[in-house]
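*Asks:* Fold the following and give me the result.
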Amino acid sequence: QVQLVESGGGLVQAGASLRLSCAASGRTFSTYAMGWFRQAPAKEREFVAATGWNGALYYYADSVKGRFTISRDNDKNTVYMQMNSLKPEDTAVYYCVEDLSSRSIQTIPRYWGQGTQVTVSS
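*Replies:* Alright, predicted model coming up:
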């Protein structure tokens, strides 16, 4: 059974940084693409970032390019997202996602975590 557990969310002021973590279990982590989606209040879920199975490819939404960095540690079965220069519009529930395909993970990822709240005050 695939399980994704996010951590690292919280309340910060605009301009601050946070690092989200996602611990995965239940299958061979190193063969899956990993990523993050987010959902702001009254908005649809949107793709944020993803990385391929070996961490050699990266994909970012335009809204976070240059501010967010995704990385993974296959030895620890964990994916991270470093979020710098946070803005109030980054406020959302952030979901860790997983899929066999680096393409599908950007649109309809197969597996989802429960989410962690990130709130950025102005």
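
*Asks:* In terms of helices and strands, where is the residue most central in space within the chain?
*Replies:* Residue closest to the average C-alpha location in the chain (Cα atoms, centre = their mean): Trp36, at 2.5 Å. Per DSSP states H and E, Trp36 falls inside strand 33-39.

*Asks:* neighbours of Ala23, just the number please.
*Replies:* 16 (other Cβ atoms under 10 Å). (Each C-beta comes from the backbone N, C-alpha and C, glycine too.)

*Asks:* wouldn't it be in contact with Phe29 here?
*Replies:* No. Between Ala23 and Phe29 there is no contact under Cβ atoms under 8 Å: 9.5 Å.

*Asks:* Need the overlap of contacts for the two.
*Replies:* The contact sets of Ala23 and Phe29 overlap at Asn77 (Cβ atoms under 8 Å, 6 or more residues apart in numbering).

*Asks:* What residues does the spatially closest residue to Arg38 that is not a sequence neighbour make contact with?
*Replies:* The shortest distance from Arg38 to any non-neighbouring residue, by Cβ to Cβ, 6 or more residues apart in numbering, is to Ala92 (3.9 Å). By Cβ under 8 Å, 6+ apart, the residues touching Ala92 are 38-41, 43, 117-118.
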